[in-house]
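In: Give the three-dimensional model of this entry:
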Amino acid sequence: MITRNNCTRNSYKIKILIIIVFYTLLSLTNISIAQNQGSPDILPHPDSNIYEIGSKLIPSSLVKSPREGGSAIVVEKDSQTLWLYTSKDGEFIKVFEVPCSTGEVDGPKMVEGDKKTPEGVYFIKKAYDDRFLTPIYGKRAFTTDYPHFLDIKLGKTGSAIWIHGTNKILKPMDSNGCVAMNNDDVVKLDHYIVLDETPVIITDKADYISLETSVDQRIDITSFLAKWIESLNRGSYLEHLFYYDATNYLPDMRWWAEWVEIRSRSAASKNPITALIDNIGIYKHKTHFVVLFDFQLTSISRKISVGKRKLFISAILNTDNQSADFGNKGYKIIGDLFQTIAIKTRGEDSKSYFITAASQLDSQYRGDKVK
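Out: Model prediction:
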């Protein structure tokens, strides 16, 4: 016999079940709509089924583009894949993903002829179309600046590491050390590459970080650069030298005394000469960052472009073998050179580029006053 209390209890259970089913279907519908609209809130990790909630993942090598629309090439040797990213609204957006072929021998390049592809952050130096290429290089070829400063310091040798097409069927790990691509894919790079600006980041296996982490790194490095350039404009010899890793790298600063003289004289004549950096690109490989920027000097009446300056910045590890934060002075410069030069110099010392520009601004102003 079914009592009234039993009926009431069963009716209550049915209502609860209906409510649960309703909200479950509503939740699934909302997730489906969000996914169809390209919601950035739920994104799959590239290497697993784990979902990062509320966090966009990007390659850890991409920290900051020098400008809106600036592009970067990422090559992963493990998967034989090349990605092209471009910046939009301060973020790196993946434009396309294509197969590639790297050196037939595994591991980072060490010596000439080892048939390995180097690993690190490099920049495109020159571009060639098929009019200037033998068939083996396909329809396009882009040269890189391997070996860079750190490679040479480590004794690595070799040259002519290119990104290029091919007249053969593309096979994994089938090059002598270059990054080969299908011809239809390599020509796509034409629209994105800027010489001595576009980086090629080559890694064994790409790792990914959240956009929030990337922004934190961007803030840290740009803050470090701001203090570094301020020490150049206002600080002493020791204050400026503080930003370099004295245990691994000491820059040639024989130019400092002349710079202080020019700096003081120009300030006294109310024509202060100031060093500026602009169009900063920041990229990461393992524990160091590669920063490329336009280096300029300015006075009241004129600005001179010295060239593109490149810094290698190391993330110093603390006692727990973890990267120290900026507040604990966690970064030091381990390499400092010019990628390109925009002025005529008076000598071979690379720092004379900077002094030559400063002297030009100073002498021009004093000459104008005499007139």
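
In: okay, CA-based contacts and neighbour counts for the rest of this
Out: OK.

In: What ranges does the stretch 1-150 of the chain have for its helices?
Out: Counting by DSSP state H, counting those that start in this stretch, the stretch 1-150 of the chain forms helices over residues 4-36, 149-153, given from the N-terminal end onward.

In: does residue 361 really touch residue 299, like I thought?
Out: Yes - between residue 361 and residue 299 there is a contact at 6.8 Å, judged by C-alpha atoms under 8 Å.

In: Show me the helices in the stretch 201-350 of the chain, by range?
Out: With helices called from DSSP H, counting those that start in this stretch, the stretch 201-350 of the chain shows them at 211-234, 237-241, 256-268.

In: Mean pLDDT lowest where, among the helices of the stretch 1-150 of the chain?
Out: The stretch with the lowest mean pLDDT among those is helix 4-36, which comes in at a mean of 39.

In: ok so, going back, got TSV for the helices of the stretch 201-350 of the chain, with distance to residue 354, mean neighbour count and mean pLDDT too?
Out: Below are these laid out as TSV (distance: least, C-alpha to C-alpha, whole Å; neighbours: other C-alpha atoms under 10 Å; pLDDT from 0 to 100):
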stretch	distance to residue 354	mean neighbour count	mean pLDDT
helix 211-234	11	17	95
helix 237-241	15	15	96
helix 256-268	9	16	94
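
In: Relative to residue 283, which of the ones you listed is closest?
Out: helix 211-234 (9.5 Å; C-alpha to C-alpha).

In: re earlier: select, out of the helices of the stretch 201-350 of the chain, the one closest to residue 287.
Out: Sorting the helices of the stretch 201-350 of the chain by C-alpha to C-alpha, the top spot, which is the nearest, belongs to helix 211-234 at 12.1 Å.

In: Give me the residues contacting the closest one.
Out: The contact list for helix 211-234 (C-alpha atoms under 8 Å, 6 or more residues apart in numbering) reads 55-58, 60, 62-64, 239-240, 243, 263, 274-277, 282, 325-326, 331.

In: run the last query once more with 6 Å
Out: The contact list for helix 211-234 (C-alpha atoms under 6 Å, 6 or more residues apart in numbering) reads 56, 57, 63, 240, 326.

In: Find the residue at the geometric middle of the protein.
Out: Nearest to the mean C-alpha position of the chain, counting by C-alpha atoms, centre = their mean, stands residue 283 at 2.1 Å.

In: wait, that residue sits on residue 63?
Out: Yes - using C-alpha atoms under 6 Å, residue 283 makes contact with residue 63 at a distance of 5.3 Å.
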